[in-house]
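Q: attaching a predicted model along with its sequence, questions to come.
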Amino acid sequence: MGSSKRLASLYDMQAQHRSILQAAKAGPLQSLTDRELNLRQQPVTIYPRPYTKVRAWVRFGPEPIRVDAVLLRSTPTAAGIGFRAEGQSFRCWVWGNAVSPLDDT
């Protein structure tokens, strides 16, 4: 018996959630500092309905992990993202080049 193609995305999501929670044991979710964001000099775009799905590199303590997220806000150099795992919500700022569009194919 093979695995169901219909359920493949569900299994992928569950595996990612387990990976996120495992990485979270390494330390707190890292976010760019105020100095790095430079919000006094950089314009910020806030997306009231974040529909743009992205894949981004984040760090929990020293542990890097790639997550599926939504784009919440951005500057010319950074992206504010949000993602969930097992009912927990996470939000952080990452460098813009750590984010790429997520293909929904």
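A: Perfect, I can see it now. Numbering: from 1, shown residues only.

Q: just the buried residues of whichever strand in the chain runs longest, please?
A: Longest strand in the chain, counting residues (DSSP state E): strand 63-74. Going by neighbour count (16 or more other CB atoms under 10 Å), the buried part of strand 63-74 is 65, 67-74. C-beta here means a position set from N, CA and C on the backbone, and glycine is covered the same way.

Q: let me see the mean pLDDT of that strand.
A: On average, the pLDDT along strand 63-74 is 95.

Q: next SSE downstream of it?
A: strand 78-85 (DSSP states H and E).

Q: quick one: that next one to strand 63-74, angle?
A: Angle of strand 78-85 versus strand 63-74, following axes from the mean of the first three to the mean of the last three CA atoms, to 10 degrees, is 120 degrees.

Q: need the phi and psi values for residue 24.
A: phi -60, psi -20 (degrees, to the nearest 10).

Q: if I look at it, how far off is residue 44?
A: 27 Å (CB to CB, to the nearest Å).

Q: wait, doesn't residue 50 sit right on residue 72?
A: Yes - the pair residue 50 / residue 72 is scored as a contact, 5.0 Å apart, by CB atoms under 8 Å.
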